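> take this sequence and fold it.
(2 chains)
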Amino acid sequence: MTPSTPPAPTPQRRFPVGAVLLIAAAVAADAAASLAMARSSHHWLPVQASAAAPYVDDLFALETGIGSFIFMGCIGVMLWTLLFNRAPKYDMEDGDPIEGNLKLEIAWTLIPLVIVMLIAAHAIRVSDTLATLGGKQRVLGGAQAVQVAGAADAGAVGGVAGAAGDFGPIQVIARQWSWEFVYPDGTRSTELHLPLNRRARFRLISMDVLHGFYVPAFRLKQDLVPGSVIDYSLVPTREGRYRLRDSMFSGGYFASNQTDVVVQSPDDFGRWLAEASRAPLRESPNAARDLWQSRLARGDRGWATVPPASPPMVHVIADPSAPHEG
Amino acid sequence: MASSVPFDPRVLRAPHPVPGAPDNWKRFFSFNTDAKVIGIQYMAVALLFLLVGGLLAMIIRGELITPPADLVDPTVYNGLYTMHGTVMLFLFLFPILNGFNNLLIPPMIGAPDMAFPKLNAAAFWLFPLFGIILMASFFVPGGPSGSGWWAYPPVSTQNPLGHFINGQFLWILAVALSGVSSIMGAINFVTTILRMRAPGMTWFRLPIFCWTAVAAQTIQLVGLPVLTGGAVMLLFDLSFGTSFFRPEGGGDPMLYQHFFWFYSHPAVYVMVLPVFGIFSELFPVYARKPLFGYKVVAIASFGITVLSLIVWVHHMFYSGTPQWMRNLFMVTTMLIAVPTGIKVFAWLGTLWRGRIRLSTPMLFCLGGLFNFIFAGITGIMLATVPVDIHVGNTYFVVGHFHYVIFSTITFGVFAGIYHWFPKFTGRMYYEGLGKLHFVLTFIASTLNFLPMHWAGLMGMPRRVASYDPEFALANVLASLGAFLLGVATIPFILNIVSSWARGPKAGPNPWQAIGLEWLLPSPPPAENFEEDVPTVISGPYGYGLGRPLVEHQERYVARSREA
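The predicted structure follows:
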């Protein structure tokens, strides 16, 4: 048992200038790289089209920055040990028998605790600002849900009334596999039109199974739960056409259950709504039904699924080929 | 296999493998009560199901390599991804970790066997049974369950064909049986560790793997009854017309989500805790240093157990959960970062100023730790309510949990297999093939799971059979990674099969590791230390401290070499 390399000469009781400088440089490099990651995180996300989006993105950027700092710090330590603490071949020696360090252990318990609690406190403030989720009323299935959601008053089912200047409530009706939107004047469409910069209020109902109302450009999603009417609201802040996707698995043709949200200036929206209400009701095209019929034409091969519900009768149909921005 | 070697026919009736006996293999196909036989049974069957689950994954990624659903019908896709998840969790990960428990717990604590050997064997034999039930569901009319591994009602109770025996019915049956098997296993593991430790092996001399086993199996005992209850209610809704979860009858589908996640979130910790145990065992061996902060690491396991039981609602942030409950469960979820962080920093502290040997097990540990730090950070993002409301139920989540379940847990499983392979087979694996396996697995898993985060941030929902063209690039990369991951298993299989058959003989302690199991011959005899159980006189991981682990250590070392 002879040591193969002498221990590194460590200056005794002298301020370790070199080590401190090295650590300071590493921390500075880590912080600069983390800041760059946090800044670039905005490019990993779709366009910001709702009042919620900037808050969500900033929170995500904050977490990307802190996360990158911790990740690169830990990986840096790991790489350092792999570069400088490798045993030479055939070296059977043991390392420094350090069994722990109480101060260090207390530090790496308390620091993460403080960091995550600060993030949580900040996230709670952001959630309170967004306040998208309203009340919820239990019902027995689809028919009663439509009745409750269609009640004329503009107040919320959970008892919280909408503020002046809000638009709605718009009923969002999800089926296997279609979306239908009913505006306060009774106009029906399979693509959602919203006026810019006004809080839009929704009543979310599902006629069959769980669905998810998810608009990535709005950074918002909310499940539609059969047996409940759920109040929901959001403020669109950017004109354009965005995808609305079903985010909660809803069976057979789940992936086809998507449509568009069109955000328009209040004038354009008003014109669109007036024109739409005069259009005749007609059956909307439906991707799930097309897939189902082509399956039947191929001899109904595949695994079991319920057949698609009949597509809703609406005044305005969606145009799935129109280009969307996120 | 015909053999002309004469042997005493009594060895065939011996309940455990006898070195040199020609019919040892038959024991692996019988109701055997030897924990080491059961451990290998668990591992072999689980690895077969890893191949099944991997094959399903490759069909899934084949479907997703192009935006439209053109390889398989969307309904078939739903069945495939449901079965992929179910197979990987219930037929690969839980069983293979029970394999580790069976192999490692008795030798590590100096016990001859498990506390309840027959219960142990019964728990194992339920596994092929529910495996066959689940596989049979591929062949019933209508195909297997296609409602996802969550089996959320009402989709899971729609039963489109109206048959009594259907894919969902068999799925619930298989999962319920898996739960029963796991409860039987948990009783056994906990009792063994509580009651059968060697003299002198106090709690703070217990190896971390055993600490994590107790922590994980406690979760099983608390959580599984809840899942099983939920599964029984789901079965009644599906087959007998009750309405626990059906709104038309006054039920609520949200109730099922609570039952499901009350167990199924902690279930992640049931899987990851033993892997933390494996990391904690292996880093000291290959860094040649004591585990940094052993006591704190040990206690942190129970911190994780307690917290894991009070975080389940974070899976339901956008289900209609009121804001105050979202906030509460966000805070509890984030607290998990603290005990987990303690472990991560302790492993880094163990590496610091060590003398690191990059054998295959160490490579898998380092790779697993690298991936786990990444997964922890995306986990904190998912715990944050406003961020989760955007990325929840998207591919960001799929990327995150594959980083946990494959890139951390399965990496740890591979590390453990390579590390203890010489101990339980008596043979050494081939280091070159092992390193090739690691390099391919690390590249492939990164290529497979990293781009998923990006697709999710852009808004691609999980569980879709088709998607908009803007997600194509991320999906092509992920699919290529998945196919490479399939290729990466080839050196693993070659290595295990050929080394077991004709690998070089391994000594009792090829890694110069410290621990009771390394004081036994390789493979250990049936009853481990039998009557002569050593008295433990110091804590584990005494690398570089020059202190003996047990009384009369030289005698045990000498004896292990003679065998």
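> any regions of chain B where pLDDT drops low?
B:1-23 (pLDDT under 70).
> tell me where the model's unsure across the stretch 51-200 of chain A.
A:152-164.
> swap the cut-off to 50 and go again
Residues of the stretch 51-200 of chain A meeting the criterion pLDDT under 50: A:154, A:158-160.
> tell me where it has strands.
Using DSSP state E, counting those that start in this stretch, the strands of the stretch 51-200 of chain A run over A:133-138, A:167-175, A:178-182, A:188-189, A:192-195, A:200-206.
> got the angle for the second one vs strand A:200-206?
Computed by axes from the mean of the first three to the mean of the last three Cα atoms, to 10 degrees, the angle separating strand A:167-175 from strand A:200-206 equals 20 degrees.
> give me the residue at the spatial middle of chain B.
B:Leu93 (3.4 Å; Cα atoms, centre = their mean).
> now do that residue against A:Pro112, distance only.
27 Å (Cβ to Cβ, to the nearest Å). To be clear about C-beta, it is placed using only N, CA and C from the backbone, and glycine gets the same treatment.
> in the lengthiest helix in chain A, what's buried?
What stands out as the longest helix in chain A, according to DSSP state H, is helix A:52-84. The neighbour-count check on helix A:52-84 (16 or more other Cβ atoms under 10 Å in any protein chain shown) flags A:52-53, A:55-75, A:77-78, A:81 as buried.
> these also near chain B: which ones?
A:52, A:55-56, A:59-60, A:63-64, A:67-68, A:70-71, A:74-75, A:77-78, A:81 (Cβ under 8 Å from any Cβ of the partner chain).
> max pairwise distance over the residues you listed: which two?
Of all pairs drawn from those, the greatest distance, 43.0 Å, lies between A:Ala52 and A:Thr81 (Cβ to Cβ).
> which residues sit against stretch B:81-96?
B:42-43, B:45-47, B:49-50, B:52-53, B:56-57, B:60, B:127, B:130-131, B:134, B:137-138, B:144-149, B:171, B:174-175, B:178, B:182, B:267, B:270-271, B:405, B:409-410, B:413, B:463 (Cβ atoms under 8 Å, 6 or more residues apart in numbering or on different chains).
> can I have the buried ones of these as a ChimeraX selection?
Buried subset of these, written as a ChimeraX selection, criterion 16+ other Cβ under 10 Å:
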select /B:42,43,45,46,47,49,50,52,53,56,57,60,127,130,131,134,137,144,145,146,147,148,149,171,174,175,178,182,267,270,271,405,409,410,413,463
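> now the helices: where do they sit in chain A?
Going by DSSP H, chain A shows helices at A:17-40, A:52-84, A:102-130, A:141-149, A:266-278, A:287-297.
> what is the longest one packed up against?
Just to be clear, that refers to helix A:52-84. helix A:17-40, helix A:102-130, helix B:337-351, helix B:360-383, helix B:385-391 (3 or more Cβ pairs under 8 Å, 6 or more residues apart in numbering or on different chains; DSSP states H and E).
> how about the fourth one and chain A, any contact?
Yes: Helix B:360-383 comes into contact with chain A when judged by Cβ under 8 Å from any Cβ, the residues involved being B:366, B:369-370, B:373-374, B:377-378, B:380-381.
> put the buried members of those residues into a PyMOL selection.
In PyMOL, a selection of the buried entries from those looks like this (16+ other Cβ under 10 Å):
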select buried, chain B and resi 366+369+370+373+374+377+378+380+381
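> check the residues of helix B:360-383 next to chain A against chain A and report the nearest one.
B:Ile377 (3.6 Å; Cβ to the nearest Cβ).
> quick check: B:Pro95 vs B:Tyr418, distance?
For B:Pro95 relative to B:Tyr418 (Cβ to Cβ), the value is 19 Å.
> just B:Ile443 next, same as before
When B:Ile443 is compared with B:Tyr418 (using Cβ to Cβ), they lie 18 Å apart.
> which one's more surrounded, the two?
B:Tyr418 (26 against 14; other Cβ atoms under 10 Å in any protein chain shown).
> which strands and helices sit next to the helix or strand encompassing the more buried one?
In this assignment (DSSP states H and E), B:Tyr418 forms part of helix B:411-425. If you count contacts as 3+ Cβ pairs under 8 Å, 6+ apart, helix B:411-425 packs onto helix B:35-64, helix B:94-109, helix B:266-287, helix B:360-383, helix B:431-458, helix B:472-502.
> please name the residues that touch A:Arg138.
A:Arg138 neighbours (Cβ under 8 Å, 6+ apart): A:227-228, B:247, B:252.
> quick one: which of the residues you listed sit in strands?
A:Ser228 (DSSP state E).
> make a ChimeraX selection of the buried ones in the contacts of A:Arg138.
Those of these that count as buried under 16+ other Cβ under 10 Å are selected in ChimeraX with:
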select /A:227,228 /B:247,252
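> export the contacts of A:Arg138 to JSON lines and append columns for distance to B:Phe492.
Listed next are those as JSON lines, based on distance: Cβ to Cβ, whole Å:
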{"residue": "A:Gly227", "distance to B:Phe492": "48"}
{"residue": "A:Ser228", "distance to B:Phe492": "48"}
{"residue": "B:Pro247", "distance to B:Phe492": "48"}
{"residue": "B:Asp252", "distance to B:Phe492": "46"}
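> out of the contacts of A:Arg138, which is nearest to B:Tyr395?
The closest of the contacts of A:Arg138, once distances to B:Tyr395 are taken by Cβ to Cβ, is A:Ser228, at 27.3 Å.
> can you name the residues bridging to that closest one?
Following DSSP bridges, A:Ser228 is listed with bridge partners A:Arg138.
> and it, how far from B:Asp252?
From A:Ser228 to B:Asp252 the distance is 8 Å (Cβ to Cβ).
> contacting residues for the residue in the stretch 401-550 of chain B positioned nearest to chain A?
The nearest approach of the stretch 401-550 of chain B to chain A comes at B:Gly459, 2.6 Å away (Cβ to the nearest Cβ). Going by Cβ under 8 Å, 6+ apart, B:Gly459 touches A:46, A:214, A:216-217, A:243, A:245, A:326, B:394.
> out of those residues, name the ones that lie in strands.
Per DSSP E, the contacts of B:Gly459 map to strands at A:214, A:243, A:245.
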